[in-house]
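**Q** I would like to see how this sequence folds:
(chains A, B and C)
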Amino acid sequence: MMTSEATTPFGDRNKVLETTSAWVLGLLWLLPLVYAVWTAFHPAEFATRFSLTAPLTLQNFANAWDAAPFPRYFLNTFILVTMILAAQMVLSTMAAYAFSRYRFRGSDFVFMLVLMQLMVMPDILIVENYRTMNMLGLRDTILSIGLPYFASAFGIFLLRQTFKTVPRELDEAATVEGASALQVLWKIYVPLAKPIYLAFGLVSVSTHWNNFLWPLIVTNSVESRPLTVGLQVFSSTDQGVDWSIITAATLMTSAPLLLAFLLFQRQFVQSFMRAGIK
Amino acid sequence: MKRPEFSFTPWLLLLPAMVLLIGFTHYPAVATIWHSFFATPKGGNPAPFVGLENYALMIDDPVFWQALTNNLWFALGTIPLSIALAILMALWVNDRLAGRGFLRLAYFTPTVLPMIAVANIWLFFYTPQYGLLEQITQALGFPSHNWLGNPDTVLGAMIVVAIWKEAGFFMIFYLAALQQISPTLAEAAGLEGASRWQYFWRVQFALLMPTTLFVLINALINSFRLVDHIFVMTKGGPNNASSLLLYYIYEVGFSFWDSAYAAALTVVLLIVLGLVAIVKFRILDRRTHYQ
Amino acid sequence: MRRFVLKSMVTLAVAAALGSAPALAADPVEISLYYPVAVGGPVTKTIDTMVSDFEKENPDIKIKAVYAGTYQESIVKALTAYKSGTPPTLAVLLSTDLFTLIDEDAIVPIDSVATAPADKEWIGGFYKAFMENSQTQGKTWGIPFQRSTIVMFWNKSLFKEAGLDPEQGPKTWEETVAAAKKLTKTDANGNVSQWGIKIPSTGFAYWIFQGMTTPNDTILMNGDGTQTYFNKPGAVEALQNWVDLSAKHKVMPGGVIEWGTTPKDFLEQKAAMVWTTTGNLTNLRANASFPFGVAMLPAIKHPGSPTGGGNFYLFNKTSPEQQKAALKFVRWSTEPQRAAQWSIATGYVATRPDAWETPEMKKYLQDVPAAGVARDQLQYSVAELSTHDNQRVTKALNDNIQAALSGTKTPQAALDDAQKDADRILRRFR
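**A** I've put the predicted structure just below:
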């Protein structure tokens, strides 16, 4: 592998210009977060004024915590993303296994149906899915938020591609030794797809942690509301926008994901790369 | 791997996923089309069949046309720019510029933050007179501007927010793809006297085409799917200048309670996405192949 | 004699035991309350305190209070809950949602549950202006709870700076425009650093618009909610006045002004006068670094304002015991002292004259005389715009007002279009 120098087979590039531009863009990109941190930790008068001598305060966080039942929202969101991820992993694995290891009549047609969900996500069909939830009697539960997402076309697609790269010899060897289909799946296919599971898991968790429209429609009460809905419901008052308390609440609700990303960003990127998503 | 005899196993494996997929994607799509031919039921009465009346209403509805054209402009504004930025960011991070860890973090952070939360922050940025943008432009001597309150600029303002949110996410895909390109290619190109720009355009971009197509499809779908920022920042205004199709569907379905008309609007959305699907399968089938 | 006393005592004891047994055996009635978070601050805490105080006094009733977002979100949630068979017992929703709720068959008239003569007296004790949006077809459907009117706040320091009398807010439209001209300052670059006046036009443009049509002697709808009068000459004049503030007099920014940031604009002293709900009084008092005054909306032919805010509604498909329990809570919450406390804490207008007579309220008025302005405006106040299919009709009006303010339509064209849309929507209700 090359040294840490940038590739320079094209002669000198203006590295200074590029680095500066990259940094400017990076700082610009971080600006909303920086503003959030500034406003959350300073009193209300400094929400629009950026004087360096402004006093720090934790009062905004206290106010935000009091104003809405965030512990409950955290719990709901945690249960939600875990539930969705677990279901997605199991269902996608089974389906991908079926597509990759078996040849059966109609498999192409069924796979096409799966691919359609890549385009037409449950989020689009809010009116109809809401009606279905009513019929199922599941409205206003955490399950109702997650159910439409349990079958993930993206997951099936990724895993199918990965499973297809598993060498046949391994499969046949295990079968010859008397392993059942499920045992082959568990012992051979799944371990080889670990990086995919990780990549997919990270995408799934961050997508559903931040999902807003569908949970807004399908939940009514505090017991089932996730963080995004709780946050919006709390921040749009008739009395006008109070950035100090909104940013405090924003930081509180985004902190877990941000921290997780900070800790896992290398794995995140690497798993994407190993996944070879094309 | 051939199993000529019929086996239940694959079908059993597929069953749970397919039940849920069909239940929450295919069935509602069909049901939406079905319901769009009826009027919204009143009181306890069943819904009356009205044929194409909802569609006639839709054609006469200026708000629908506004939402649709807005959405198309929104897609046009967001997609090329966010892809271009994503490639640029990936190139910079990949090229090991100083502080690439920080850069990668900075570019990707918007993806991790919920849109509904950052929309309020963007609201501050765009607020006239003392918002962040205003403070900067005033310091530079430019006139004040009401970005969100002016129908000419509001859609552009929302496009900026969307690009900010999406570019970092796409960057990751490009980063992964770039790392797959062997560095010897760069050396070879350099030896043949190609410029950096030529190398990028002729080699890297061409090799990144599959990723670009993947990202393009994703970005297209997202431009119709993500409306969270509208809830907080403009609620579709002023005078529907920032309304998008899915947001209008929400208004009609859950504020006006007109489920039949909402169904008709959803059918339009389905058609748009269907066109995207056709484009994807035609183009992708030609350029790449699935194993 | 002793035996008689003994016998009667035993009888009484047995009767008492028997009488209390059912009460001991009865489960508390459970009711649910959806309420909007319309003011900042720890509203949830306030409501929770109210609920627990009520439950202490009434151990046979348990209330589950669910806060449901803004008014818009609350009506969505209440109706979705109702449509799926689990209605809330009580909800605090906009007074203008009246016809929508009746059309969906979602609410029951208050007077079907409040049948005692004392109840009727209680219903009669609210301000007439608030009852206008609460009664129709001869029945009472909602009880005023957190009601408001629009008021104009003015910055006394900026007035003094501009050479105006800081203790006198403008009383008429001309006075307002004249004052605003003196109060608009531009900096060296030609940018306006301080606007004379800011009137928001997102969110509730139609409500603000009523604050201009009412003083111009123009009412925008009929009492049955089946007819609107958006393009009456008085209304067109009023909209022209609004547009002229930025187009002609240049005392207000052009384009659409955001509701949510207008109070902040006032606090930042970027606008010397603002129009907003009286519910912002507490917020402004807490955060203003300068003295300010509260004025009634400027008069044209006479003063006037629409009312606003939320009523209690009793929902259909709930049991009679629940409805009775809910009614008890509604009566309890609107008792004079409690109405006074609620008003003082939030800035909304106490809904009954007797609430204004309580000692707490009298003391509050001594400290904050400005709080009485909203009440004084009530005699000139009219119902808030409310029709069948209310959301659709108000959206048509809002959109067209915004079009006029952005300069894409003339006021006449905008209101003609709004009236056309409203006619189309309301046709099937006539």
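**Q** rest of the way, CA atoms for contacts and neighbours
**A** OK.
**Q** give me the below-cutoff pLDDT ranges for the chain.
**A** Answering for chain A, as no chain was given. A:1-13, A:233-239, A:268-269, A:271-278 (pLDDT under 70).
**Q** ah, I was thinking of chain B
**A** Ranges of chain B meeting pLDDT under 70: B:1-6, B:43-44, B:284-291.
**Q** tell me, what residue is most central in it?
**A** Central residue of chain B (C-alpha atoms, centre = their mean): B:Asn222, 1.9 Å from the mean position.
**Q** now the helix or strand that one falls within - C-alpha only, PDB.
**A** Using DSSP states H and E, B:Asn222 maps to helix B:209-225. Provided in PDB are the C-alpha atoms of helix B:209-225 (Å, rounded to 0.1, in the frame of the first residue of the first chain):
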ATOM      1  CA  MET B 209     -20.600   4.300 -12.500                       C
ATOM      2  CA  PRO B 210     -22.300   1.400 -10.700                       C
ATOM      3  CA  THR B 211     -22.100   3.300  -7.500                       C
ATOM      4  CA  THR B 212     -23.400   6.400  -9.100                       C
ATOM      5  CA  LEU B 213     -26.300   4.600 -10.500                       C
ATOM      6  CA  PHE B 214     -27.100   3.100  -7.100                       C
ATOM      7  CA  VAL B 215     -26.800   6.400  -5.400                       C
ATOM      8  CA  LEU B 216     -28.800   8.100  -8.100                       C
ATOM      9  CA  ILE B 217     -31.700   5.800  -7.600                       C
ATOM     10  CA  ASN B 218     -31.500   6.200  -3.900                       C
ATOM     11  CA  ALA B 219     -31.400  10.000  -4.200                       C
ATOM     12  CA  LEU B 220     -34.400  10.000  -6.500                       C
ATOM     13  CA  ILE B 221     -36.500   8.000  -4.100                       C
ATOM     14  CA  ASN B 222     -35.400  10.100  -1.200                       C
ATOM     15  CA  SER B 223     -36.400  13.300  -2.900                       C
ATOM     16  CA  PHE B 224     -39.900  12.000  -3.000                       C
ATOM     17  CA  ARG B 225     -39.800  10.300   0.400                       C
END
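**Q** just checking, what packs against that helix?
**A** Judged by 3 or more C-alpha pairs under 8 Å, 6 or more residues apart in numbering or on different chains; DSSP states H and E, the packing partners of helix B:209-225 are helix B:62-94, helix B:154-179, helix B:245-254, helix B:259-287.
**Q** buried stuff in it?
**A** Judged by neighbour count (16 or more other C-alpha atoms under 10 Å in any protein chain shown), helix B:209-225 contains these buried residues: B:209-217, B:219-225.
**Q** what of stretch C:397-409?
**A** Neighbour counts using 16+ other C-alpha under 10 Å place C:397-407, C:409 of stretch C:397-409 among the buried residues.
**Q** before we move on, back to that, out of the buried residues of helix B:209-225, the closest to C:Val368 would be?
**A** Relative to C:Val368, the closest of the buried residues of helix B:209-225 is B:Arg225; by C-alpha to C-alpha it sits at 49.1 Å.
**Q** is it correct that that closest one is in contact with A:Leu125?
**A** No - at 10.4 Å, B:Arg225 does not count as touching A:Leu125 under the criterion of C-alpha atoms under 8 Å.
**Q** which positions in chain C make contact with chain B?
**A** For chain C, the residues in contact with chain B (C-alpha under 8 Å from any C-alpha of the partner chain) are C:72, C:76, C:103-105, C:189-193, C:202, C:255-258, C:261, C:270, C:389, C:391-392, C:398-400, C:402-403, C:406.
**Q** enumerate every residue touching the residue of the stretch 151-278 of chain A at minimum distance from chain C.
**A** Closest approach between the stretch 151-278 of chain A and chain C, counting by C-alpha to the nearest C-alpha: A:Gly240, at 3.8 Å. Shown in contact with A:Gly240 (C-alpha atoms under 8 Å, 6 or more residues apart in numbering or on different chains): C:259-264.
**Q** how far away is it from C:Thr149?
**A** 16 Å (C-alpha to C-alpha, to the nearest Å).
**Q** which SS class is C:Tyr313?
**A** Classification of C:Tyr313 by DSSP: H, G, I helix; E, B strand; the rest coil places it in strand.
**Q** how deep is it tucked in, by neighbour count?
**A** For C:Tyr313, the neighbour count with other C-alpha atoms under 10 Å in any protein chain shown is 33.
**Q** helix or strand for the most centrally placed residue in chain A, just tell me which one.
**A** What sits nearest the mean C-alpha location of chain A, by C-alpha atoms, centre = their mean, is A:Ser206, with 1.9 Å. Assigned by DSSP H and E, A:Ser206 belongs to helix A:194-209.
**Q** count of neighbours near residue 74?
**A** If you meant another chain, say so; for now it's chain A. Considering only other C-alpha under 10 Å, A:Phe74 is surrounded by 20 other residues.
**Q** actually, chain C is the one I wanted.
**A** Using other C-alpha under 10 Å, C:Ser74 has 24 other residues around it.
**Q** again, but for B:Gly149
**A** For B:Gly149, the count of nearby residues is 28 (other C-alpha under 10 Å).
**Q** where does it sit: helix, strand or coil?
**A** Once three-state DSSP is applied, B:Gly149 turns out coil.
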